[in-house]
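Asker: Structure of the sequence below:
(chains A, B, C and D)
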Protein chains: 2
Amino acid sequence: MTKLSFRQKVHLAREDAIVSTVKRLLAEKGFDLMTVDEVAAEVGIAKASLYKHFPSKEALAAAAMVQTMGLALQQVQAAQAVPGASALDKLRAITRWTLQTQLAGEMPTLPSENSTLRNALIADKAYMDGLMQLSDELGAWIVQAQADGALNRALPPEAILYTLFARACDPVLGFLKLGGQYGDAQIVDIVMSTCFDGLAARA
Amino acid sequence: MTKLSFRQKVHLAREDAIVSTVKRLLAEKGFDLMTVDEVAAEVGIAKASLYKHFPSKEALAAAAMVQTMGLALQQVQAAQAVPGASALDKLRAITRWTLQTQLAGEMPTLPSENSTLRNALIADKAYMDGLMQLSDELGAWIVQAQADGALNRALPPEAILYTLFARACDPVLGFLKLGGQYGDAQIVDIVMSTCFDGLAARA
DNA sequence: GTCTATAAGAGGATAGAC
DNA sequence: GTCTATCCTCTTATAGAC
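Answerer: Presented below is the predicted three-dimensional model:
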């Protein structure tokens, strides 16, 4: 751990403020509708200054995703530390966190179609590293949970992994919230149930 | 049924060609990344001519969605006509069609964030009518399936409805396809299983 | 590194001839 | 209703002073 000068600390603090704003705006409007002007305005600096910190809009989005994956990895560590928790318990815990975060408007989401963004992300080492690490950790839990007989063994582990990742942008949360009939906790419980138990009745 | 002049038939045929193109482009790139120039180029007419048929980009998207909902309603009728099919069977059939259509790149999808689009759709009578009719038909099946004990009674019917609608834009299909490890039929089966049976093992 | 000002270009929409 | 040409706004990105 290198000691940081005051200058460097201020620099990092500002970048953190930028990334937090980007995360929120990405969650609110998505990548295409988020404008760099808007980010600069909300952070309270000029757009040109923003471009001194991040070279492009894509880099902004990547930084937001990296920070979010860092939070997810913290949740993974936290789940790992719970004594006596099964692999399924851990997967449920991280999924619940994902749903809560999205419902709170703090889960940045990226369009799967935008190719310029996609290429930028694939080229971003920090992003790819985070994604790989998260996939590895969750993948191990999935295989374990299948061995435990807790998750459906007929499903390919990667299909389960993708299904869990997809909870980060599940539109059902927003629909239920819009209805106004359920509280956040209830909504999360409902989606947890549809995800793990399915729509069909259990015997 | 009024008789149509040759002129009117040509007019309708052209509008149908436009809508088909829009549907495909919406499925490929989404609303924000689809450009009107592109639509005009693919249809093979000038952009200004396009605007004689549809007054705005939002109207184009709405027309595409209306046509797609029409197809969905046809599927509903087809499922209705199957003798001896339970409510669950019918819901599974329409869900399967949705997944197949999306996987084939023919399911136009709309961003939930874009407010200008959202307002245009809400103001579009044909769109709202189709949506209502589809919701009513599926809603009736859902209630019936719950009464049959085939669908989880603890879930609010609207949550089930939203979950089924959300299959139209489920990113898991694309992820699995990208992996290249599974054929379309297998992918549909996998997602059908996660949707109705859930990720957890069944006893 | 922060600012103001502006370049550069994409994209939605329209004018006006035919 | 179709075309060409154009308008106008929005948005990303940069130049250059301080």
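Asker: Spell out which parts of chain A neighbour DNA strand D.
Answerer: Within chain A, the positions lying close to DNA strand D (CB under 7 Å from any atom of the strand) are A:34, A:35, A:36, A:37, A:47, A:48, A:51, A:55, A:56, A:57, A:58. Heads up, the C-betas are built off the backbone N, CA and C, glycines and all.
Asker: Kindly identify which of these also come near DNA strand C.
Answerer: Answer for the residues of chain A next to DNA strand D near DNA strand C (CB under 7 Å from any atom of the strand): A:47, A:48.
Asker: Now list the buried members of the residues of chain A next to DNA strand D.
Answerer: Listed as buried from the residues of chain A next to DNA strand D are A:34, A:57, A:58; burial here means 16 or more other CB atoms under 10 Å in any protein chain shown.
Asker: Which strands or helices does whichever strand or helix holds residue A:97 pack on?
Answerer: Secondary structure from DSSP states H and E places residue A:97 in helix A:87-103. Taking 3 or more CB pairs under 8 Å, 6 or more residues apart in numbering or on different chains; DSSP states H and E as contact, the helices and strands that helix A:87-103 lies on are helix A:57-81, helix A:125-147, helix A:157-166, helix A:171-179, helix A:184-196.
Asker: residues from chain A in reach of DNA strand C?
Answerer: Residues of chain A lying near DNA strand C (CB under 7 Å from any atom of the strand): A:7, A:11, A:14, A:44, A:45, A:46, A:47, A:48, A:49, A:52, A:53.
Asker: and the longest helix seen in chain A, is it in reach of chain B?
Answerer: Counting residues, the longest helix in chain A under DSSP state H turns out to be helix A:6-33. Yes: against chain B, helix A:6-33 shows contacts by CB under 8 Å from any CB of the partner chain at A:28, A:29, A:30, A:32, A:33.
Asker: ok, which of the residues of chain A next to DNA strand D also contact chain B?
Answerer: Within these, nothing lies near chain B by CB under 8 Å from any CB.
Asker: which one of the residues of chain A next to DNA strand D is nearest DNA strand C?
Answerer: Nearest to DNA strand C, judged by CB to the nearest atom of the strand, of the residues of chain A next to DNA strand D is residue A:48 at 3.0 Å.
Asker: Which strand or helix spans that closest one?
Answerer: Assigned by DSSP H and E, residue A:48 falls within helix A:47-53.
Asker: Report the rounded mean pLDDT for that helix.
Answerer: Helix A:47-53 shows a mean pLDDT of 97.
Asker: how far out from the middle of the chain is that helix?
Answerer: Distance, stretch centre to chain centre, for helix A:47-53: 25 Å (CA atoms, centre = their mean, to the nearest Å).
Asker: now swap in stretch A:129-138 and tell me
Answerer: 12 Å.
Asker: what residues does it touch?
Answerer: Residues outside stretch A:129-138 that contact it (CB atoms under 8 Å, 6 or more residues apart in numbering or on different chains): A:65, A:66, A:69, A:70, A:72, A:73, A:76, A:91, A:94, A:161, A:164.
Asker: redo that, cut-off 7 Å
Answerer: Under the criterion CB atoms under 7 Å, 6 or more residues apart in numbering or on different chains, residues A:66, A:69, A:70, A:72, A:73, A:76, A:94, A:161, A:164 lie in contact with stretch A:129-138.
Asker: Go through that stretch and flag the buried ones.
Answerer: Using 16+ other CB under 10 Å as the test for burial, stretch A:129-138 gives A:130, A:131, A:134, A:137, A:138.
Asker: next one: stretch A:182-196
Answerer: Buried, per 16+ other CB under 10 Å, within stretch A:182-196: A:182, A:187, A:188, A:190, A:191, A:193, A:194, A:195, A:196.
Asker: ok, now which ones touch the last one?
Answerer: With contacts taken as CB under 7 Å, 6+ apart, residue A:196 has the following neighbours: A:92, B:198, B:199, B:200.
Asker: and what of the fifth one?
Answerer: Contacts here follow CB under 7 Å, 6+ apart; on that basis residue A:191 touches A:99, A:170, A:172, A:173.
Asker: do the first one as well
Answerer: Applying CB under 7 Å, 6+ apart, one finds that residue A:182 lies in contact with residue A:176.
Asker: Wait, a helix at it?
Answerer: No: assessed by DSSP: H, G, I helix; E, B strand; the rest coil, residue A:182 does not belong to a helix; its assignment is coil.
Asker: Quickly note the distance from residue A:56 to chain B.
Answerer: For residue A:56, the distance to chain B equals 17 Å [CB to the nearest CB, to the nearest Å].
Asker: Relative to residue B:126, how far out is that residue?
Answerer: Separation of residue A:56 from residue B:126 (CB to CB, to the nearest Å) stands at 40 Å.
Asker: which residues touch the nearest residue to residue A:111 once chain neighbours are set aside?
Answerer: Nearest in space to residue A:111, with sequence neighbours left out and distances taken as CB to CB, 6 or more residues apart in numbering or on different chains, is residue A:31 at 5.8 Å. Shown in contact with residue A:31 (CB under 7 Å, 6+ apart): A:61, A:110, A:111, A:114, A:117.
Asker: any idea which element the last one lies in?
Answerer: This points to residue A:117. Per DSSP H and E: helix A:115-123 holds residue A:117.
Asker: Is chain B within reach of that helix?
Answerer: No: using CB under 7 Å from any CB of the partner chain, helix A:115-123 stays clear of chain B, coming no nearer than 8.9 Å.
Asker: shaky segments in chain A?
Answerer: For chain A, the stretches with pLDDT under 70 are A:1-2.
Asker: what about stretch A:39-49, distance to the chain center?
Answerer: With CA atoms, centre = their mean, you get 24 Å for stretch A:39-49.
Asker: what residues does that stretch touch?
Answerer: A:17, A:18, A:21, A:22, A:25, A:36, A:37, A:50, A:60.
Asker: now do 6 Å
Answerer: A:17, A:18, A:21, A:22, A:36, A:37, A:50 (CB atoms under 6 Å, 6 or more residues apart in numbering or on different chains).
Asker: try stretch A:12-20
Answerer: Against stretch A:12-20 from outside (CB under 6 Å, 6+ apart): A:43, A:53, A:63, A:64, A:67.
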